[in-house]
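Undergrad: fold the following and give me the result.
(one chain, ligands or ions: 1)
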Amino acid sequence: MANYSVRNQVAIISLCSPPVNALSSDVRRGILDSLKKAEQDVKVAAIVICGEGRTFCVGADITEFKSEFKTFPNLFELVDILESSPKPIVAAIHGHAFGGGLEVALACHYRVALSSAKLALPEVKLGILPGAGGTQRLPRLIGIDSSMQWIAFGDEYSAQIAANIGIIDRIFPSNADILESAVQYAQSIIGKSLINRRVSKLPVKDASKVSHIMEKYKQIVGKKSRGAIAPMVCLEAIKHAALLPYVEGMKKERMGIEALMGSDQSKSLIYMFFAERQVRNWTIPGTGINSKNTKPIKVEKVAVIGLGTMGRGIVLSLLKAGIKHVSVMELNKTARENGLLFIKNILEGYAARGTISETQKRSMVDALKPVSNFEMLKDTDLVIEAVFESMSIKKDIFAKLGQVCKPSAVLATNTSALDVDEIAMVTPKPKQVVGMHFFAPAHVMKLLENVRGSKSSPQVIATAMNMGQRMGKVTVLVGNCHGFVGNRMFRHYTVETDFMLEEGAYPEQVDTVLKKFGFAMGRYQVGDLSGNDIGYRMRTKFEMTNKQQPPGAPERERHGVRYCPLADFLVESGRLGYKSDGKGWFRYLGKNRELTVDNEVTSMIDSYRRRNKIVPRKINGEEIIERALYPLINEGFKILEEGIASNPMEIDLILVHGYAWPRHTGGPMFYAHLIGLPKILRVIERHWNNAGLREPHWEPSKMLVRLVKNHGNPDIMSWTTLERETVRSAL
Ligand SMILES: C[C@H](O)[C@H](C)C(=O)SCCNC(=O)CCNC(=O)[C@H](O)C(C)(C)COP(=O)([O-])OP(=O)([O-])OC[C@H]1O[C@@H](n2cnc3c(N)ncnc32)[C@H](O)[C@@H]1OP(=O)([O-])[O-]
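TA: Coordinates of the predicted model:
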């Protein structure tokens with residue numbers, strides 16, 4: 001709803017729909033009713049629109065997209081009604097003016113803001129476009145070029161930047177009372193002509209350059225969008241602002257939003273939006289323990305052990321989260337010096353780019369406390385171990401931590417695959433141990449996969465979850481198993497793509513299909529980037545690699561299961577990827593490391609097939625997608641079945657934020673939901689019937705079979721409930 005009051009000839013319409021004043025049908029009606037009151041009240045000479053609470057307005061109510069979105073007054077009608085008001089309207093912006101909220105402000109005749117306010121048209125991040133005049137009014141204020149930058153990428157901008165380019169008419173200090181300031185501003189413009197204040201009537205200053213600007217952005221968007229549709233539709237809509245009168249341009253805008261709203265990509269992006277918020281409400285399946293009934297311990301002093309690639313990133317994330325005491329322990333002198341230098345250089349960079357102030361930089365550097373022995377960690381609240389991925393080294397460290405740290409200290413390991421319980425058992429208090437699996441580079445990657453050990457106490461879990469959220473991470477709680485959620489699922493992606501190389505595909509073909517699907521990089525280029533030796537080391541641990549096989553052992557089998565040694569051959573021939581002189585699955589040449597197909601790899605694959613009498617066959621894009629992604633989805637259902645993840649959202653967030661699964665497909669589980677579970681199961685069963693135990697990753701998940709058999713293609717939000725009911729009723 002919207003509240004109405006009058007103060008000194010100025011009517012105040014304040015949006016009131018906590019927590020973020022989303023423009024639900026109630027709020028829209030409230031604005032319209034208040035506007036009519038103000039227009040009819042002869043004592044009112046000007047109007048201010050503001051937001052109650054922490055923000056101005058974050059736009060349309062996303063939860064109403066399927067229902068009240070078009071109910072009168074819908075947003076695109078309301079903005080025209082506002083703009084045509086005979087009395088001047090001032091938008092008073094604090095917090096966020098996002099989406100429809102900024103469009104309402106653009107329809108006002110003046111805009112004032114606190115310097116701390118943020119402005120954006122982020123609709124493209126929901127797979128749609130600004131559908132309340134944003135694509136037509138913004139260009140009339142800031143031009144086509146800047147509008148394409150704002151709308152096609154949906155990033156937020158400070159009030160100062162918005163003022164510099166002509167959106168905001170007056171900035172007030174961040175501690176000012178925005179309403180009082182806006183009322184005074186409104187009083188100062190009473191009586192002034194509104195001729196040049198109705199934005200839809202203004203000319204587009206760079207209209208003549210529209211085709212050149214369009215070409216420029218088509219290039220940029222083409223590269224960045226990776227299969228996402230909305231950015232291009234945004235460009236088309238904005239283009240019309242230069243070519244058509246406002247009313248005609250609005251019709252084009254409407255066609256654009258109607259084409260996008262409800263699309264699979266928009267559904268996927270909205271699912272992701274709510275998943276990122278929903279995941280904060282974590283729960284431990286089957287226990288009733290959750291984020292609402294479990295308090296974290298207070299963490300002021302944190303320590304990071306190991307200043308390698310992971311440790312440095314974790315320290316930076318802690319400093320950025322405002323932790324005032326970060327002990328760093330690295331026994332290797334060179335690694336310690338390099339690590340601290342790396343951290344200081346990154347902080348210098350942040351300050352140089354204005355991401356942090358000089359004062360903030362200094363307090364972050366002051367927060368860094370190098371320590372040289374475990375004794376110095378005795379009063380630390382949280383210790384994060386980030387040393388080399390070796391069980392014996394980690395056990396040694398945790399044994400020492402168990403002796404010196406205070407009883408309430410939370411002991412976290414950054415292992416990406418090792419058994420958290422086995423590590424915990426070397427300490428006197430395994431309940432204080434938890435996994436905090438960061439992703440490289442940890443100060444950039446948004447994901448934190450927290451792993452609850454079988455003994456981890458609810459309070460310790462709450463502390464790890466709370467710390468992840470303080471670090472601004474998408475923090476997901478999962479159970480302890482080999483590879484946790486992400487690595488466990490992704491293993492099948494690499495195994496099955498290698499099988500396709502055996503049967504007839506080539507790395508460039510597989511990667512092209514996966515990039516078309518939306519991955520930033522294909523499976524083989526990612527291997528080259530991160531180093532093909534990482535997977536080799538893991539396979540070595542399980543004595544799987546080619547070199548470790550006794551003479552005469554089958555080349556394409558390990559313990560009765562199908563195996564493809566091509567990746568072993570690559571590493572054993574020194575082709576680790578970028579780091580081995582740009583030789584891996586591909587060749588990376590020149591300053592820009594241009595990716596090129598390497599005939600040496602092609603002939604390695606061809607000779608391997610000849611040696612194993614494999615007659616290569618054509619493998620098309622559809623098969624590559626099914627075989628690369630469906631085993632991963634199948635494993636996702638097994639993870640839900642085992643309660644390692646408590647709902648599909650958690651799995652999707654891990655794959656999107658940790659493994660670059662394309663966000664506009666919603667993650668593997670949501671993608672399966674869009675494709676339809678019956679189809680997914682049909683393909684999995686076909687491969688299982690063909691390959692059987694030789695390819696165990698195709699064994700259908702029992703949960704998937706039950707869902708399809710009992711419910712066909714149930715809504716993703718009901719999967720875990722239906723499964724619980726089915727399992728319970730079977731007991
Ligand atoms: C025609 C028109 O052009 C079109 C059609 C549109 O306008 S489409 C809409 C375009 N607008 C957006 O895309 C902005 C979306 N929101 C955000 O980006 C963020 O909210 C934020 C502004 C940066 C603040 O972040 P925050 O961290 O301070 O709070 P929060 O935790 O995110 O949000 C607090 C609570 O509010 C809920 N919420 C936030 N924005 C919402 C929205 N637009 N609709 C419904 N609920 C919303 C959110 O789910 C959470 O709920 P819960 O979890 O507590 O139950």
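
Undergrad: so what's the residue nearest in space to the middle of the chain up against?
TA: By CA atoms, centre = their mean, the chain has its centre lying nearest to residue 657, at 4.7 Å. By CB atoms under 8 Å, 6 or more residues apart in numbering, the contact set of residue 657 is 439, 445, 446, 447, 474. C-betas here are computed from N, CA, C, even on glycine.

Undergrad: the closest residue to the ligand within the stretch 151-300 of the chain: neighbour count?
TA: Residue nearest to the ligand within the stretch 151-300 of the chain: residue 277 (3.7 Å; CB to the nearest ligand atom). Using other CB atoms under 10 Å, the number of residues around residue 277 comes to 9.

Undergrad: check which helix or strand covers it.
TA: helix 264-278 (DSSP states H and E).

Undergrad: which is the succeeding secondary structure element to that helix?
TA: From helix 264-278 onward toward the C-terminus, using DSSP H and E, the following helix or strand is strand 283-284.

Undergrad: quick check: can you name the pairing partners of that following strand and their directions?
TA: Applying DSSP bridges to the sheet, strand 283-284 is found paired with strand 289-290 (antiparallel).

Undergrad: how far does the following helix or strand past the strand it pairs with sit from its chain's centre?
TA: With elements assigned by DSSP H and E, the helix or strand that comes after strand 289-290 is strand 301-305. Computed by CA atoms, centre = their mean, to the nearest Å, the chain-centroid distance of strand 301-305 equals 26 Å.

Undergrad: identify the residues contacting strand 301-305?
TA: Strand 301-305 has contacts (CB under 8 Å, 6+ apart) with 311, 314-315, 318, 323, 325-330, 371, 377, 379-387, 397, 467.

Undergrad: what about 7 Å?
TA: Contact partners of strand 301-305, identified using CB atoms under 7 Å, 6 or more residues apart in numbering, comprise 311, 314-315, 318, 323, 325-329, 377, 379-387, 397.

Undergrad: which of the helices or strands spans residue 92?
TA: For residue 92, the host element (DSSP H and E) is strand 89-93.

Undergrad: give me the average confidence score over that strand.
TA: Strand 89-93 carries an average pLDDT of 98.

Undergrad: try stretch 336-350
TA: When pLDDT is averaged over stretch 336-350, the result is 95.

Undergrad: what ranges does the stretch 401-550 of the chain have for its helices?
TA: Using DSSP state H, counting those that start in this stretch, the helices of the stretch 401-550 of the chain run over residues 420-424, 458-470, 486-503, 507-517, 523-530, 532-541.

Undergrad: now render those as CSV, adding mean neighbour count.
TA: Conversion of those to CSV gives the following (neighbours: other CB atoms under 10 Å):
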stretch, mean neighbour count
helix 420-424, 22
helix 458-470, 22
helix 486-503, 21
helix 507-517, 20
helix 523-530, 22
helix 532-541, 17
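
Undergrad: which one of those lies nearest to residue 198?
TA: For the helices of the stretch 401-550 of the chain, distance to residue 198 was read as CB to CB. The smallest value, 43.5 Å, belongs to helix 458-470.

Undergrad: so what touches the closest one?
TA: Contact with helix 458-470 is made by 280, 282, 289, 291, 294-297, 299, 321, 382, 410, 412, 431-432, 434, 436, 448, 450, 452, 475, 477, as judged by CB under 7 Å, 6+ apart.

Undergrad: for ChimeraX, write the select line for the buried members of the residues you listed.
TA: Provided next is the ChimeraX selection string for whichever of these are buried by 16 or more other CB atoms under 10 Å:
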select :282,289,291,294,296,299,321,382,410,412,432,434,436,448,450,452,475,477
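
Undergrad: and the helices in the stretch 201-350 of the chain, which stretches?
TA: With helices called from DSSP H, counting those that start in this stretch, the stretch 201-350 of the chain shows them at 210-225, 230-243, 246-260, 264-278, 309-320, 333-352.

Undergrad: for the first one, C-alpha coordinates in CSV please.
TA: Extracted in CSV, the C-alpha atoms of helix 210-225 (Å, rounded to 0.1, in the frame of the first residue of the first chain):
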residue,chain,number,x,y,z
VAL,A,210,21.8,4.5,-33.1
SER,A,211,22.9,2.0,-35.7
HIS,A,212,26.6,2.4,-34.9
ILE,A,213,25.9,2.1,-31.2
MET,A,214,23.6,-0.9,-31.8
GLU,A,215,26.4,-2.7,-33.7
LYS,A,216,28.8,-1.9,-30.9
TYR,A,217,26.6,-3.4,-28.2
LYS,A,218,25.5,-6.4,-30.3
GLN,A,219,29.2,-7.4,-30.4
ILE,A,220,29.7,-6.9,-26.6
VAL,A,221,26.4,-8.6,-25.7
GLY,A,222,27.0,-11.4,-28.2
LYS,A,223,30.2,-12.3,-26.4
LYS,A,224,28.9,-11.9,-22.9
SER,A,225,25.4,-13.3,-23.0
